[in-house]
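[1] coords below, sequence missing:
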DNA sequence: ACACAACATAGACAAACGTCTATACAACCT
DNA sequence: AGGTTGTATAGACGTTTGTCTATGTTGTGT
């Protein structure tokens, strides 16, 4: 099914991303791979006070409240945001560690690309 | 359904990511939101010569050749990679512009976060 | 011209996803 | 205590996604 070792091109040195690490990172990318979640995350991450109340997120979309809640849950499970209840309301804030990891991965790609030229 | 204007918290200044821009960027994130595609992209982006032959990508997975081809198509449609046929073989290379845009977006999130503290 | 190899496309199908309604839980306020 | 509001969970349902097999397309070599 392939011609490895027949001179097509140099064999890959090594997969730069191991299977397990790819699985983990893909979860994070997938979480941002939906327009609603991306906007939600964007609103949370750029909240003026570093956090945003769910009561301000929900009415910003033409979607039901449970749907927004579901999307927030996925963002939380991906490690992109954290939530805290204060009294009646729940506040979400971003977790820059996760964002930074993604940015670093993308930057390393560009770096590899640059060093190869 | 909400208490906007009742003192829950400051209303959002503005969605930092417009609907259309979110839609567009989400497509790119979604493309990397699958473990197989993320590994494919990683292999392509870190290819020693800046490009990788499909014939080296396909046997690296326990998946059928059409499945790999399909994933490569999605990466291409997302603007993450480009393909070129040379003779019998097809070579894929990454498009750093797209990667850089994603990194910039993630970095701006961190920046907003830092300036808010 | 013909056979063969690399890659892409088409169609089918189960699994995952995004959305909804209904309901539960938690906190506030008379 | 009881009613009301904010948020989460449960279950249902149509759509999208990831995978496969079968086939088409493009280039090579004899």
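    Done, it's in. Treat the numbers as computed from the prediction; the structure is a model and nothing was measured.
[2] The spatially closest residue to residue A:107 that is not a sequence neighbour - how many residues pack around it?
    With sequence-adjacent residues excluded and distances taken as Cβ to Cβ, 6 or more residues apart in numbering or on different chains, residue A:107 is closest to residue B:103, at 5.4 Å. (Each C-beta comes from the backbone N, C-alpha and C, glycine too.) Residue B:103 has 20 neighbouring residues, counting by other Cβ atoms under 10 Å in any protein chain shown.
[3] Residue B:103: which element?
    Assigned by DSSP states H and E, residue B:103 belongs to helix B:96-116.
[4] so for that helix, what's the average pLDDT?
    Computed over helix B:96-116, the mean pLDDT rounds to 78.
[5] With stretch A:68-82 instead?
    Averaging pLDDT along stretch A:68-82 gives 98.
[6] anything in it near DNA strand D?
    Yes. Counting by Cβ under 7 Å from any atom of the strand, DNA strand D is contacted by stretch A:68-82 at A:69-70, A:72-73.
[7] ok, and of the residues you listed, which contact DNA strand C?
    Filtering these for proximity to DNA strand C (criterion: Cβ under 7 Å from any atom of the strand) leaves residue A:70.
[8] Neighbour-wise, which one of the residues of stretch A:68-82 next to DNA strand D leads?
    So for the residues of stretch A:68-82 next to DNA strand D (other Cβ under 10 Å), the most neighbours sit at residue A:72, 22 neighbours.
[9] Help me confirm that that one is found in a helix?
    Yes. Counting by DSSP: H, G, I helix; E, B strand; the rest coil, residue A:72 is found in a helix.
[10] Contact partners for it?
    A:40, A:54, A:57, A:81, A:83, A:92 (Cβ atoms under 8 Å, 6 or more residues apart in numbering or on different chains).
[11] For residue B:78, see how far away it is.
    According to Cβ to Cβ, to the nearest Å, residue A:72 stands 25 Å off from residue B:78.
[12] Repeat that for residue A:64.
    Applying Cβ to Cβ to residue A:64 and residue B:78 gives a distance of 29 Å.
[13] More neighbours: which of the two?
    Taking neighbours as other Cβ under 10 Å, residue A:64 and residue B:78 compare with residue B:78 leading, 20 against 11.
[14] Excluding chain neighbours, give the residue nearest to that one in space.
    Nearest residue to residue B:78, sequence neighbours excluded (Cβ to Cβ, 6+ apart): residue B:31, at 3.6 Å.
[15] shouldn't that neighbour be in contact with residue B:74?
    Yes. Counting by Cβ atoms under 8 Å, residue B:31 touches residue B:74, with 5.5 Å between them.
[16] Now list whatever residues contact both of those two.
    Joint contacts of residue B:31 and residue B:74 (Cβ under 8 Å, 6+ apart) are residue B:37.
[17] Who has more neighbours out of the two?
    The neighbour comparison of residue B:31 against residue B:74 (other Cβ under 10 Å) goes to residue B:31, with 23 against 17.
[18] which ones are touching that one?
    Taking Cβ under 8 Å, 6+ apart as the test, what residue B:31 contacts is A:33, B:37, B:41, B:74-75, B:77-78, B:80.
[19] Just the closest of those to DNA strand D, please.
    residue B:74 (6.2 Å; Cβ to the nearest atom of the strand).
[20] Quick one: name the residues of chain A near DNA strand D.
    So chain A meets DNA strand D at A:53-55, A:58, A:65-66, A:69-70, A:72-73, A:83, A:88-90 (Cβ under 7 Å from any atom of the strand).
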